[in-house]
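A.B. asks: next input, structure requested:
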Amino acid sequence: MTTSTGSKSERLTCAAIKFARSVPGLKESVLTGVALLTRHETGYLQAKLEKLETANRELNNRISELTSMQATISAHLVAEQTLNEEVKNVVGAFRRLVVLERRAQLLKKSLPAYANHLPEAGTLPALLENAFNARVMPVIVFTHIQKTAGNSVIAYLRRCLTRPRVARIHELEMATGEKTKEVVDSKFGQYDVLAGHIPFSRRVDLMTDRPSVNISIMREPIDRVVSLYYYLKANASWLDQGKRIVEEKMSIADFAYSDVYFDNHMVRMLCDSDPAHAPERECTKEMLEQAKVNVVKNFLLIGVTEQIDEFLSVLAEVFCWSLEDVPKENVNEMRAPLSKVSPEAIKALSERNCYDVELYQFVKGVWADTMAACSKTPQ
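C.D. replies: Residues are numbered from 1 along each chain as shown. As a prediction, this is how the structure comes out:
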């Protein structure tokens, strides 16, 4: 190899090689130096690695400690939440007892003819003991009558319960009692509320082996049917009843007397006769009286849609829940106000639903007594 040709870097490289070869021992010294540097660097890296591994072990130990602490704290929180729920359920049981006792006294004065249908009071010590022992929330059976703001009530119940504990069982409206029980059994233990268009006559409240209470809400009958008419009409694309209203060009008066609608629906939902048999018979005075007795005897609360805020306030009071703004669910903006409905239609609806009108006035009286009883409930 010569140094007279090639690039400058190549010439420098050749000169360095020749110099290393010409100096005795230089090659061995260079190699030894490289080896020493390599061993030094390796030792440094190994020491650094051991230090990192030690820090990592300490970090893992700390993580284990924190995880254990978190588990302990979580266990304490669960225990505290359970205790709080028990305390809340006990307080709620006492409140419901007080409200029922006070309402019973008021009903005896305002509705003396139905006083004998009130549940037996029992002795105070026994009632207090039962209330104290009721450490679990009773199952709420919500008899949801169509177009009474029931969906807003259900939305509120869902908001109050921290877990998804509300079961909607609307599909059972025309089911048999056996089918209803089969569905309720499948949901037992999973839910605190069973809500649906289920008539009281099915006695869903007796299908669970947990304590249970019945609640419902009613609406001024004529306004309710008008709302139902426009709801069905607005959803004619998927509801057969609405499809018939549109195809047959039914007016509200036509609708009231057609077989698309069952008269006195609220009475049918609260009496002892199953609405599944509604096509076979007319609503009767006897069914109206059955509904009145059931309202007094078997329902913890029955409110009215026109006072839904007050209804939810009482519900919150007797179950120790917080009260937030009432959610508005399933509101039909297309319906006409009652003031726009013709006098002929109002007359037809009143005649067709005369028992509902009477039941509604009866429930308003019971609701007034319930409100009066709750106003004295200790906070």
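
A.B. asks: what ranges does the stretch 101-250 of the chain have for its strands?
C.D. replies: Remark: strands assigned in the stretch 101-250 of the chain by DSSP state E, counting those that start in this stretch are 139-143, 166-168, 193-196, 212-218.

A.B. asks: pLDDT value on Ile245, please?
C.D. replies: Note on Ile245: pLDDT of 92.

A.B. asks: so what's it closest to, chain neighbours aside?
C.D. replies: With sequence-adjacent residues excluded and distances taken as CB to CB, 6 or more residues apart in numbering, Ile245 is closest to Lys233, at 5.0 Å. For glycine as for every other residue, the C-beta is placed from the backbone atoms N, C-alpha and C.

A.B. asks: for Val246, see how far away the one you found is.
C.D. replies: Lys233 sits 6 Å away from Val246, going by CB to CB, to the nearest Å.

A.B. asks: re earlier: now the strands of the stretch 101-250 of the chain as a markdown table including distance to Val90, mean pLDDT and mean neighbour count?
C.D. replies: Below are the strands of the stretch 101-250 of the chain laid out as a markdown table (distance: least, CB to CB, whole Å; pLDDT from 0 to 100; neighbours: other CB atoms under 10 Å):
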| stretch | distance to Val90 | mean pLDDT | mean neighbour count |
| --- | --- | --- | --- |
| strand 139-143 | 17 | 93 | 25 |
| strand 166-168 | 22 | 84 | 18 |
| strand 193-196 | 20 | 90 | 23 |
| strand 212-218 | 16 | 95 | 22 |
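
A.B. asks: Asn264: which of those is closest?
C.D. replies: Asn264 lies closest to strand 212-218 among the strands of the stretch 101-250 of the chain, at 12.1 Å (CB to CB).

A.B. asks: ok, for the most centrally placed residue in the chain, nearest residue in space, not its chain neighbours?
C.D. replies: Per CA atoms, centre = their mean, the C-alpha nearest to the average position across the chain is that of Arg158, at 2.0 Å. Of all residues not flanking Arg158 in the chain, Val166 sits nearest, at 5.0 Å (CB to CB, 6+ apart).

A.B. asks: ok, the one you found touching Ala155?
C.D. replies: No: if you go by CB atoms under 8 Å, Val166 and Ala155 don't touch, sitting 9.1 Å apart.

A.B. asks: what is in contact with those two at once?
C.D. replies: Common contact partners of Val166 and Ala155 (CB atoms under 8 Å, 6 or more residues apart in numbering): none.

A.B. asks: for Thr143, give the beta-bridge partners.
C.D. replies: For Thr143, the beta-bridge partners are Gly196, Ser216 (DSSP bridges).

A.B. asks: now it: how far from Asp274?
C.D. replies: When distance is defined by CB to CB, Thr143 is 13 Å away from Asp274.

A.B. asks: same thing with Tyr191?
C.D. replies: The gap separating Tyr191 from Asp274 is 23 Å, by CB to CB.

A.B. asks: more neighbours: which of these two?
C.D. replies: Set Tyr191 next to Asp274 and count neighbours by other CB atoms under 10 Å: Tyr191 wins out with 20 against 17.

A.B. asks: show the contacting residues for the residue nearest to Phe299 when sequence neighbours are not counted.
C.D. replies: Spatial nearest neighbour of Phe299, chain neighbours left out: Asn214 (4.6 Å); criterion: CB to CB, 6+ apart. By CB under 8 Å, 6+ apart, Asn214 lies in contact with Val141, Thr143, Phe200, Asp205, Asn298, Phe299, Leu300.

A.B. asks: report whether Asn60 is found in a helix, as I expect.
C.D. replies: Yes: assessed with DSSP: H, G, I helix; E, B strand; the rest coil, Asn60 lies in a helix.

A.B. asks: tell me, how many residues neighbour it?
C.D. replies: Quick note: Asn60 (other CB under 10 Å) scores 10 neighbours.

A.B. asks: check Glu282 too.
C.D. replies: Neighbour tally, Glu282, other CB under 10 Å: 10.

A.B. asks: correct me, but Ala149 touches Thr305?
C.D. replies: Yes: under the criterion of CB under 8 Å, Ala149 makes contact with Thr305 at 4.7 Å.

A.B. asks: give the contact list for Val141.
C.D. replies: Val193, Leu194, Ala195, Ile198, Val204, Asp205, Ser212, Val213, Asn214, Ile215.

A.B. asks: I meant to write Asp223 there.
C.D. replies: Listed by CB under 8 Å, 6+ apart, the contact set of Asp223 reads Leu338.

A.B. asks: rerun at 10 Å
C.D. replies: Contacts for Asp223 (CB atoms under 10 Å, 6 or more residues apart in numbering) come out as Lys147, Thr148, Thr305, Glu306, Arg335, Pro337, Leu338, Val341, Leu349.

A.B. asks: I figured the last one hits Val225, correct?
C.D. replies: Yes: with contact defined as CB atoms under 10 Å, Leu349 counts as touching Val225 (5.3 Å).

A.B. asks: overlap in contacts, the two.
C.D. replies: In contact with both Leu349 and Val225: Ile252, Phe255, Ala256, Tyr261, Asp263, Val341, Asp356, using CB under 10 Å, 6+ apart.

A.B. asks: name the member of those with the most neighbours.
C.D. replies: Asp356 (29 neighbours).

A.B. asks: and Leu66, how many neighbours?
C.D. replies: Neighbour tally, Leu66, other CB under 10 Å: 10.

A.B. asks: that one sits in which helix or strand?
C.D. replies: Using DSSP states H and E, Leu66 sits in helix 26-110.

A.B. asks: before we move on, back to that, give the bridge partners for the residue nearest to Arg158, please.
C.D. replies: With DSSP bridges as the rule, Val166 is bridged to Val193.
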